[in-house]
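In: coordinates only, no sequence provided:
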């Protein structure tokens, strides 16, 4: 069983990394997050397709302190290309406890590991330019804050 899954993933990863990322008629407005190179390709296609919004959902609970590295690089690319990172508080909260700290954690970890030059040269991440991102927070019944989804929004060009 594991061999069959690996046999499927290895060609998919190799194919994903070898092809240029362009707008596609199959681009999706909502993408579930999987920590695989295929996620980068699907998100880049959706952003390049010019859609007003592209949402990223999660299969499990992701806290603001545990944002996956693959997603951190996208958020860092948006921030470094002049886009905004916003936080929508959980329902019932007026504002996040410390939105600056949350956003700093998201992009700060990736920045510490990779230089902006490396991110900028990535064909996939060039799709992030001209977008902003919003982290939509929610709470469990126990009060634990988690990221419900990330919404990438196309920024209108100034006249």
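Out: Here it is on my side, so go on. Predicted, not measured: the structure shown is a model, and the values here were computed from it.
In: next, the buried residues of stretch 72-85.
Out: The neighbour-count check on stretch 72-85 (16 or more other CB atoms under 10 Å) flags 72-81, 83, 85 as buried. From N, CA and C alone the C-beta is placed, and that goes for glycine too.
In: return the closest of these with respect to residue 39.
Out: Nearest to residue 39, judged by CB to CB, of the buried residues of stretch 72-85 is residue 74 at 9.4 Å.
In: rounded mean pLDDT for stretch 42-61, please.
Out: When pLDDT is averaged along stretch 42-61, the result is 93.
In: tell me which of the buried residues of stretch 72-85 is nearest to residue 38?
Out: Distance to residue 38, by CB to CB, is smallest for residue 74 among the buried residues of stretch 72-85, at 14.1 Å.
In: which residue packs closest to that closest one, ignoring adjacent ones?
Out: residue 128 (5.8 Å; CB to CB, 6 or more residues apart in numbering).
In: wait, that neighbour sits on residue 71?
Out: No - using CB atoms under 8 Å, residue 128 is not in contact with residue 71; the gap is 11.3 Å.
In: in helices only, show me the buried residues of stretch 72-85.
Out: Residues of those located in helices (DSSP state H): 72-80.
In: please convert those to JSON lines, extending it with pLDDT and distance to residue 144.
Out: Below are those laid out as JSON lines (pLDDT from 0 to 100; distance: CB to CB, whole Å):
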{"residue": "72", "pLDDT": "89", "distance to residue 144": "20"}
{"residue": "73", "pLDDT": "87", "distance to residue 144": "25"}
{"residue": "74", "pLDDT": "90", "distance to residue 144": "24"}
{"residue": "75", "pLDDT": "90", "distance to residue 144": "21"}
{"residue": "76", "pLDDT": "86", "distance to residue 144": "25"}
{"residue": "77", "pLDDT": "86", "distance to residue 144": "28"}
{"residue": "78", "pLDDT": "88", "distance to residue 144": "26"}
{"residue": "79", "pLDDT": "85", "distance to residue 144": "26"}
{"residue": "80", "pLDDT": "81", "distance to residue 144": "30"}
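In: may I see these arranged in JSON lines, with distance to residue 122 as well?
Out: Listed next are these as JSON lines, based on distance: CB to CB, whole Å:
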{"residue": "72", "distance to residue 122": "13"}
{"residue": "73", "distance to residue 122": "8"}
{"residue": "74", "distance to residue 122": "10"}
{"residue": "75", "distance to residue 122": "14"}
{"residue": "76", "distance to residue 122": "11"}
{"residue": "77", "distance to residue 122": "8"}
{"residue": "78", "distance to residue 122": "13"}
{"residue": "79", "distance to residue 122": "15"}
{"residue": "80", "distance to residue 122": "12"}
